[in-house]
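Participant: Fold the following, please.
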Amino acid sequence: MGDGEQQKALQEKIIDKASKIEPGSEAGKMGPVIDAGSYEKIMKYIEKSVENGAELLLDGRSWSKNEFAKNGGCWIGPTIIKHSSKEDAAMKEEIFGPVLSIYQVKSWSEAIEIENGNPFGNAASVYTTNGGHAE
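Facilitator: I've put the predicted structure just below:
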């Protein structure tokens, strides 16, 4: 909702920051997900979103083929999904992986409806330039 230019600028900043994250176990780097079950679950969320028409703005699936993955671990890099439907599972459920879902609402009331309709605290947030709306 709102100024498309502001949204695009925020989106680009997020993509830029996330794309600079490097795999590894050193400070400031991101390690693998906890186990193979989590890896498969996260990958299914990503794949199902794409099948449903979502756009991958940043695709972290390539990390599964990085040098660290060859030595073990379940690697998924930062992934940013721009959804075309608020009904996508990744929009409604907690993924517990390095995945950010973006959905552009048409109105403030739609944003609040989505937020209030989600039983998971970690699965929804609102970005706004209006502090009054944030409250």
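
Participant: Need the three-state assignment for the residue nearest the centre of the chain.
Facilitator: What sits nearest the mean C-alpha location of the chain, by Cα atoms, centre = their mean, is L100, with 1.1 Å. Following DSSP: H, G, I helix; E, B strand; the rest coil, we place L100 in the strand state.

Participant: ok, now the one 5 residues further on?
Facilitator: Taken by three-state DSSP, the conformation at V105 corresponds to coil.

Participant: Touching, it and T128? I think so.
Facilitator: No. Counting by Cβ atoms under 8 Å, V105 stays clear of T128, with 10.8 Å between them. Backbone N, C-alpha and C define where each C-beta goes, glycine included.

Participant: neighbour-wise, which of those two wins?
Facilitator: Neighbours were counted for V105 and for T128 using other Cβ atoms under 10 Å; V105 has more, 16 against 12.
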